[in-house]
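S.K.: Sequence first, predicted coordinates after that:
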Amino acid sequence: MTISSTVAAKRKAKRFIFKKTTKLVQKPLPNIFDSLPLVVWSVSTTSKEGPQFSQTCEQVLGYSADDFRRDKGLFRRRVHPDDLTEVQRGFEQLLQGFSVECHYRFFHSNGSTIWIYDRTTPVFNKSGEIVRLDGFLIDISRQKQEELKLISLLRTDQVTGLPNNQVFREDLKRLLMTSVSHSDTKIAVLLMKLPRYTQVNDALGHKKGERLLQKAAETLRKKIPIHRLYRLQEDEFGTIVMNVDCTEFEQRVFRLQEQFEQPFKLKDYPVYFPLHIGMAVFPDDTAKSETLMQLAEIAMHETERTNEKFQRYRLGMKEHLQEKLKFEADLRKAVRENAFLLYYQPQINTLTGEWVGIEALVRWMHPEKGLVPPKDFIPLAEETGLIIPIGKWVLQTACKQNKAWQEAGLPAIPVSVNLSMKQFIQDDLVQTVVQALSDSGLEPNYLNLEITESMTVNVEFSLEKIRKLKELNVCINLDDFGIGYSSFSYLQHFPLDKIKIDQFFVRNLKQQSNGEAILQTMITMAHKMNLTVLAEGVETVEQMEFLKQNECFEIQGYLISPPVPAEELTVQLKATGNIGNNYQ
């Protein structure tokens, strides 16, 4: 056999194999398409023949290829009416020579509605004319359901189940657009804030805080049932009221707030959630949705400034909010520059005349306003979190000052420092106290840390934190007792050293018919728990004598001395032999 004949034989064999393989490949192609979970379709643009579908159309769409061939309008009729415009727009783009992708709903023969992904491409002849449209359809119902679930999650608050801020803005914008042509339509936006939520959440923990938030949402739903309720922020709800009669609706708002004057119960522990509401009205205040929300928020912030629980927006409120923002900026600068002072107020034993303690009280030296008292900036510091660095500075400064008094040969007396809720829940609180004592050289038994009743609500967490602090040998006092709705049964769990009766009860000793009885009960219960009692806010000899008669011998207040700078207190300390003796 020659070489040329061998090559010819190989070429013949290759041609034979190619022909056989081609027949094998070409024959099953329709079967491959028919086995896939998609519908392949084609329609001629140059003939009157109906669309051609692969056999899988019955599996996917519920109708056979023959059904569509017999009834050329069947497919269009089964497209959801709300999606027909989108489908028609896509068809017009195809005739212009563009490939098109679209999603639409289709009524399946079994009565269900499925989502279809449609990808169609025009086919051209040599002259550039469109002769055919080829495409495929896929059932994407499962993916669409997951997508809709995700969208729902993104538009729904997961704690309360209420629509969120995004939905609120969309609904408001839509309602205002439809109301522009109706000059007599009034729409009110109400923003409702729970100003104590953060504090309660810190005290109870997130799970209990969320449960209380759910209770608040349930109450709001019941009281404003005809209006849609939204959760806008962590402690803020909103609603939109159509065709509002402002005078009548304000009365309803006051009734709603009365409901929030009642405590929410959580394991028999009452938690008070005051509700602050700001309102702005379309078109009286503005015709723009975003501005309407801003004005309602300004009105809501005004409730905090005026200590009123409801405000409707009026001119001038924006300036007050701008002042608050500037005040916050000034406070942040003060924190950076340590622009604070400590004033000190003595505490005495009325039996012996001896000093039993000194309370450190922070003041802010503002460059324009002068000396700013705590009530004017501590709430803002709590709100912004600036209370943490401020509280740390107070603790360090008070310890250093007390040590300096002792090194100067003055009487060794404990100094009391108030802890805020935000400080109390910090993981590094114990280390912060250790560092302050170490840096100052102050013995731990000369430091009293004052907590409030709200810090004891989460018993397990608070008890562990207090025990760790007690291990340092510092004293723990319960400050402002009587205003936090706590109970003696709860307080028995805690290793406290002293209870400080809030000045409210001392000042109302004679103003209230049962004022004396309340004070006597508080003192008696504290003694039964083997706790020392100190009364705050003592301003008259009459108040002091009543307290002495009821065995509350430790007092603090302007009767003894107002809070004074360290220099003035130094003078008083040097004269301790005289200052207390006048009140024995």
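M.R.: Received, thanks.

S.K.: mind checking pLDDT for the residue most central in space within the chain?
M.R.: Per CA atoms, centre = their mean, the C-alpha nearest to the average position across the chain is that of residue 234, at 1.7 Å. On pLDDT, residue 234 comes in at 88.

S.K.: next one: residue 166
M.R.: The model's pLDDT for residue 166 equals 90.

S.K.: Repeat that for residue 73.
M.R.: 88.

S.K.: ok, it to residue 408 distance?
M.R.: 102 Å (CB to CB, to the nearest Å). Glycine gets a C-beta too; all of them are placed from N, C-alpha and C.

S.K.: Please apply the same query to residue 462.
M.R.: Where residue 408 is concerned, residue 462 sits at a distance of 37 Å (CB to CB).

S.K.: Have a look at those two and say which one is more surrounded.
M.R.: residue 462 (20 against 10; other CB atoms under 10 Å).

S.K.: Look up phi and psi at residue 137.
M.R.: Per-residue torsions, residue 137: phi -120, psi 140 (degrees, to the nearest 10).

S.K.: That one pairs with what?
M.R.: Note on residue 137: beta-bridge partners by DSSP bridges are residue 39, residue 118.

S.K.: Next up, the contacts around it.
M.R.: Neighbouring residues of residue 137 by CB atoms under 8 Å, 6 or more residues apart in numbering: 38-39, 41, 57, 60-61, 116-118.

S.K.: before we move on, back to that, please report how far the residue nearest to the centre of the chain lies from residue 113.
M.R.: In this view, residue 234 and residue 113 are 38 Å apart by CB to CB.

S.K.: got it, and residue 369?
M.R.: Distance of residue 369 to residue 113, computed by CB to CB: 66 Å.

S.K.: Also residue 177?
M.R.: Residue 177 is 29 Å from residue 113, by CB to CB.

S.K.: now swap in residue 159 and tell me
M.R.: 32 Å.

S.K.: out of those two, which sits in the more crowded spot?
M.R.: Using other CB under 10 Å, the more surrounded residue of residue 159 and residue 113 is residue 159, with 15 against 11.

S.K.: for that one, phi and psi?
M.R.: phi -80, psi -50.

S.K.: Domain boundaries for the protein, per the record?
M.R.: Here the domain parsing of the chain from automatic domain parsing is 1-28, 36-145, 156-315, 341-495+553-583.

S.K.: I'd like to know which of these lies nearest to residue 509.
M.R.: domain 341-495+553-583 (12.2 Å; CB to CB).

S.K.: What is the distance between the closest one and the centre of its chain?
M.R.: Computed by CA atoms, centre = their mean, to the nearest Å, the separation of domain 341-495+553-583 from the middle of its chain amounts to 30 Å.

S.K.: again, but for stretch 237-253
M.R.: 24 Å.

S.K.: And the strands in the stretch 201-350 of the chain, which stretches?
M.R.: If DSSP state E, counting those that start in this stretch is used as the criterion, the strands of the stretch 201-350 of the chain fall at 229-233, 236-242, 264-266, 269-271, 276-282, 310-312, 340-349.

S.K.: looking at the ones you listed, which is buried most?
M.R.: Burial of these is given as mean neighbour count (mean count of other CB atoms under 10 Å); strand 276-282 ranks first at a mean of 25.

S.K.: partners of that one, with directions?
M.R.: strand 187-193 (antiparallel), strand 310-312 (parallel).

S.K.: a markdown table please, covering the ones you listed and showing distance to residue 468 and mean pLDDT.
M.R.: Below are the strands paired with strand 276-282 laid out as a markdown table (distance: least, CB to CB, whole Å; pLDDT from 0 to 100):
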| stretch | distance to residue 468 | mean pLDDT |
| --- | --- | --- |
| strand 187-193 | 34 | 91 |
| strand 310-312 | 43 | 89 |
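
S.K.: for the contacts of residue 137, which one is nearest residue 142?
M.R.: Nearest member of the contacts of residue 137 to residue 142, counting by CB to CB, is residue 117, at 11.7 Å.

S.K.: Okay, now the unreliable bits of the stretch 51-200 of the chain?
M.R.: Across the stretch 51-200 of the chain, residues meeting the criterion (pLDDT under 70) sit at 180-183.

S.K.: which residue ranges form the helices in the stretch 401-550 of the chain?
M.R.: 421-424, 429-440, 459-470, 488-491, 503-507, 515-528, 541-549 (DSSP state H, counting those that start in this stretch).

S.K.: contacting residues around the nearest residue to residue 455 once chain neighbours are set aside?
M.R.: Once flanking residues are discounted, residue 455 sits nearest to residue 424: 5.0 Å by CB to CB, 6 or more residues apart in numbering. Taking CB under 8 Å, 6+ apart, we find residue 424 in contact with 451, 455, 462, 465.

S.K.: got it, and residue 403?
M.R.: Per CB under 8 Å, 6+ apart, neighbours of residue 403: 440-442.

S.K.: Can you pull out the low-pLDDT segments for this structure?
M.R.: 1-37, 180-183, 225-226, 267-269, 483-490, 577-584.

S.K.: If we use 50, what do you get?
M.R.: Across the chain, the ranges flagged by pLDDT under 50 are 1-30, 577-582.

S.K.: So which residues of the stretch 201-350 of the chain form helices?
M.R.: 206-223, 246-259, 289-306, 317-337.

S.K.: most tightly surrounded among these?
M.R.: helix 289-306 (a mean of 20).

S.K.: Check which helices and strands that one is in contact with.
M.R.: Packing partners of helix 289-306 (3 or more CB pairs under 8 Å, 6 or more residues apart in numbering; DSSP states H and E): helix 165-179, strand 187-193, strand 276-282, strand 310-312, helix 317-337.

S.K.: I'd like the ones you listed as TSV, with distance to residue 261 appended.
M.R.: What follows is those, written out as TSV (distance: least, CB to CB, whole Å):
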stretch	distance to residue 261
helix 165-179	26
strand 187-193	14
strand 276-282	13
strand 310-312	13
helix 317-337	25
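
S.K.: Nearest to residue 134 among those would be which one?
M.R.: Once the helices and strands packed on helix 289-306 are compared by CB to CB, helix 165-179 is nearest, at 38.9 Å.

S.K.: which residues touch the closest one?
M.R.: Residues contacting helix 165-179 (CB under 8 Å, 6+ apart): 154-156, 163, 185, 187, 189, 228, 230-233, 238, 240, 242, 282, 287-290, 292-293.

S.K.: And stretch 44-52, by the same measure?
M.R.: So stretch 44-52 is contacted by 41-43, 65, 68-70, 72, 75, 95, 130-133 (CB under 8 Å, 6+ apart).
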